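Enquirer: Sequence first, predicted model second:
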Amino acid sequence: MKVAVLKGGRSLERGVSLRSAARVEDALERLGHETVAIDADGDLVRRLRESSPDVAFVAMHGRGGEDGTAQELLEILGIPFTGPGVAACGRCMDKVAAKQVLRGAGVPTPDWFAFNETAFRELGAADALPTLGERLGFPLVVKPGRGGSALGVKFASSPAEVPAALVSAFSYDDRVLLERFVEGRELAVSVLGSEPLPIVEAIPADGDRYDFEARYEIGRTEFACPARLDDAATEAVTTAALAAFEALGCSGFSRVDLILGAEGPQVLEVNAIPGLTDTSLLPQAAEAAGISFEELVERILELAPRPAAA
Amino acid sequence: MVEPPHRRRAHTRTRDLERYAGLFAERTGVMRSSAMRDLMAITARPEVISLAGGLPDTSTFPAGTFAAQMTRIARESTAEALQYGPTEGFEETVDCILEVMGAEGMLPDPDDVIVTTGGQQAIDLVSKTLVDPGDVVICEAPTYPGAVPVFCSYQAEVVQIDCDEDGMRIEELEAVLAGLDAEGRRPKFVYTVPSFQNPAGVTLSLERRRRLVELARQRELLVVEDNPYGLLRFSGDPLPPLYQLDGGDFVIYIGTFSKILSPGIRLGWAVAPPPVMEKIVLGKQASDLCTSTLTQHFVREYFAEGRWREYIADLIGIYHGRRDVMVGALREHFPAEATWTEPEGGLFIWATLPEYIDTGDLLAKALREDVAFVPGQAAYADESRGRNSMRLNFSGVGEDEIREGIRRIGAAVAEQVELYEALTNSAASSALAQPRKSDMDAAGLPRPGAAEQGQDGGEVLPFRKQGSA
């Protein structure tokens, strides 16, 4: 099969994407597929047309590749592609939209408030900050509405720290959310097809939070897979993750990040196209289920929907 | 039959990763990649105006001269230029080095000089020679971002001494040394870039130079003077290098051709007292046997031509103009709350924004506008410092790009300032954001002579360590 591997692009997660893609390309070659690697830029459509692949493996993260944009182009060109479709990607990328969907579907997710810059610049939303702090409590988490890899995520431990955290979050997006901080274990459930893979627990090595550095560096974070959870907890976490996956309309594969706190699992976000790097969680989960990286890549390809016309 | 070459198998299993991780030396634990490094990868896009690099401008080097010199080398010394050379470097290269050092009033013994693969290798070799795990290395705050990983790779504990407009605060250094004494510890060396410092652009005053050299002598403490930019002075009077003031007893000197000729030739040097040099030579031998003989030939030819001073004068003219343009653009486009240094030479300006702005996040915003700089955090071993500062390079891009780049960064900063003011809901917020204004000079660095144990407790911390990992 001729597989176009879409990678890079202008997203802030370009570096991560290039690492994911390199690994995917390697696996595809070993599986005997013909691969065409395309670093997504102004030539993307032309190059896709020229190479006319049987399927596109989207190994892009962040804006452009994980938000439905590349997927939309692939749909227009009639090229089947891996991972979730346009609408699901769009919903997952926008944390606010995703949380609204989750709450609507009864999937537990921490309380939040979302604002755009206009609210603060023109509508005096700052006056609402004290109330909001009271409702969410401290510490609270400030996140850009869109973005991945924990970029721009700040913890505010007091009301005085909220404005600077907001300024940082607004560097990444014009909408931000303030979220209740949930103390608990950091878990990830990857879903392949419609099957949950074993739960991964991230245990930061030096007691830090699981931040950007910890995510992509060998040895910075310890991972337990399968996570050491009792049956009831495993069941509750898996159920919440599958419910989130379905509510957001994901297909193919995705990764659901949760916190397991005192009140049970809470879904933080769903990564439509999770990392496939050496330190990423999805490949670890697959391996724990006895699925090698090659098998994982092959399964993801098989799950790419074939349009009726093709 | 020879088997066809095959590509390395990808590491596909966690097991493989763990196997490698299990083999890693302990020191790799402090070698960190970072979110910033990922962001910096994006700065390489051609459409990005990068004020992030540390690049000298090599575009004005006459191609004809380069061609003639390389041709002469090919004609006259092909065999030698393609052969290994002595670990210490060619005598002829050392002669060129003596000429360069002579231009700043230094007269070292040629036997004390070793030619290295760039100044960076000199930092590495000095560290390799002197640092055991857990040893204290002292440097400036902020310091050259490329030095921190070197010290960390030898598992040094990095202690940073704040700078003000007159360079490293020597009173604070004395306090730190006294503190270490009390703990029964002795730092291995003090690393400093005294002239037009990277990244702050500040220059150590004559009085402080004298005091530092005196301290080194009293305490038998080594000072490592890294002086890549000394000859690139646009204004003000030249100051004697520490090496000259000390005479080379307690000062190890590091120089480079990178900023006065070419970084691509990878030629630098170190000057050290004979017992130290002996170990440095052994270290160099183990690292790479010798520095490129080809580029040493190039330098020899280049210096034989006798125009190296004119080329530096040309560079000074170019950089002076670019600095002025950058300072002008900063005045025009950066908000009133911002401060910056106005260096008398070198390649960098250090700008400091209100405390609520994290320049790492600002970089993400700036990259959307296709402009890049180095977030200040890179210049500190303690990652929580330097968060509201940035290093801006004015040597690597032309005047129009500098103007446009600063305009874009300024617009991004202005948006953040405006937003913060809306968030804090107070016109006085800009004053609140900088409660220590009175202690700061125009550079956003503490004023020289301000109480070293500042009442704020935030800006001047005499004792900073590398993070626990």
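Expert: Great, that's in hand. Predicted model, so just to flag it, every value in this text is computed and none were measured. Numbers count the residues shown, from 1 in each chain, chains lettered A, B, ... in the order given.
Enquirer: Could you pick out the longest strand of chain B?
Expert: strand B:157-164 (DSSP state E).
Enquirer: Give the pairing partners of that one; include direction for each.
Expert: strand B:136-141 (parallel), strand B:167-168 (antiparallel) (DSSP bridges).
Enquirer: Relative to the whole chain's centre, how far out is the longest one?
Expert: Translated: strand B:136-141. 13 Å (C-alpha atoms, centre = their mean, to the nearest Å).
Enquirer: Now that strand: buried residues?
Expert: For strand B:136-141, burial by neighbour count (16 or more other C-beta atoms under 10 Å in any protein chain shown) applies to B:136-141. Any C-beta I mention is one placed from the backbone N, CA and C, and that applies to glycine too.
Enquirer: What are the structural domain limits within the chain?
Expert: With no chain named, the answer covers chain A. A:2-82, A:91-107+A:183-298, A:112-180 (automatic domain parsing).
Enquirer: that's the wrong chain, I meant chain B
Expert: According to automatic domain parsing, the ranges for chain B are B:35-57+B:310-439, B:80-305.
Enquirer: Now tabulate the strands paired with strand B:157-164 in CSV and tack on mean pLDDT.
Expert: Formatted as CSV, these follow (pLDDT from 0 to 100):
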stretch, mean pLDDT
strand B:136-141, 97
strand B:167-168, 96
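Enquirer: okay, which residue is most central for chain A?
Expert: A:N271 (1.8 Å; C-alpha atoms, centre = their mean).
Enquirer: close enough to count as contact, it and A:C250?
Expert: No - using C-beta atoms under 8 Å, A:N271 makes no contact with A:C250, being 9.6 Å away.
Enquirer: which residues do the two both contact?
Expert: Residues touching both A:N271 and A:C250 (C-beta atoms under 8 Å, 6 or more residues apart in numbering or on different chains): A:C92.
Enquirer: Go through stretch B:404-415 and flag the buried ones.
Expert: B:404-410, B:412-413, B:415.
Enquirer: Make JSON lines out of the residues you listed and add pLDDT, secondary structure and distance to A:R63.
Expert: Shown next, in JSON lines, are the buried residues of stretch B:404-415 (pLDDT from 0 to 100; DSSP: H, G, I helix; E, B strand; the rest coil; distance: C-beta to C-beta, whole Å):
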{"residue": "B:E404", "pLDDT": "98", "secondary structure": "helix", "distance to A:R63": "24"}
{"residue": "B:G405", "pLDDT": "98", "secondary structure": "helix", "distance to A:R63": "22"}
{"residue": "B:I406", "pLDDT": "98", "secondary structure": "helix", "distance to A:R63": "26"}
{"residue": "B:R407", "pLDDT": "98", "secondary structure": "helix", "distance to A:R63": "24"}
{"residue": "B:R408", "pLDDT": "98", "secondary structure": "helix", "distance to A:R63": "19"}
{"residue": "B:I409", "pLDDT": "98", "secondary structure": "helix", "distance to A:R63": "21"}
{"residue": "B:G410", "pLDDT": "97", "secondary structure": "helix", "distance to A:R63": "24"}
{"residue": "B:A412", "pLDDT": "96", "secondary structure": "helix", "distance to A:R63": "17"}
{"residue": "B:V413", "pLDDT": "97", "secondary structure": "helix", "distance to A:R63": "22"}
{"residue": "B:E415", "pLDDT": "93", "secondary structure": "helix", "distance to A:R63": "19"}
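Enquirer: Please save the CA atoms from stretch A:13-26 in PDB.
Expert: What follows is stretch A:13-26, C-alpha atoms only, in PDB (Å, rounded to 0.1, in the frame of the first residue of the first chain):
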ATOM      1  CA  GLU A  13       4.400  20.600  18.500                       C
ATOM      2  CA  ARG A  14       6.200  20.300  15.300                       C
ATOM      3  CA  GLY A  15       9.200  18.700  17.000                       C
ATOM      4  CA  VAL A  16       7.100  16.000  18.700                       C
ATOM      5  CA  SER A  17       5.300  15.300  15.400                       C
ATOM      6  CA  LEU A  18       8.600  14.800  13.600                       C
ATOM      7  CA  ARG A  19       9.600  12.200  16.200                       C
ATOM      8  CA  SER A  20       6.200  10.500  15.900                       C
ATOM      9  CA  ALA A  21       6.400  10.400  12.200                       C
ATOM     10  CA  ALA A  22      10.000   9.100  12.000                       C
ATOM     11  CA  ARG A  23       8.900   6.100  14.000                       C
ATOM     12  CA  VAL A  24       5.800   5.500  12.000                       C
ATOM     13  CA  GLU A  25       7.700   5.700   8.700                       C
ATOM     14  CA  ASP A  26      10.200   3.200  10.000                       C
END
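Enquirer: That one and chain B, any residue contact?
Expert: Yes - under the criterion of C-beta under 8 Å from any C-beta of the partner chain, chain B is reached by stretch A:13-26 at A:13-16, A:22-23, A:26.
Enquirer: Can you get me the centre-to-centre distance for that stretch and its chain?
Expert: 15 Å.
Enquirer: average pLDDT across it?
Expert: For stretch A:13-26, mean pLDDT is 91.
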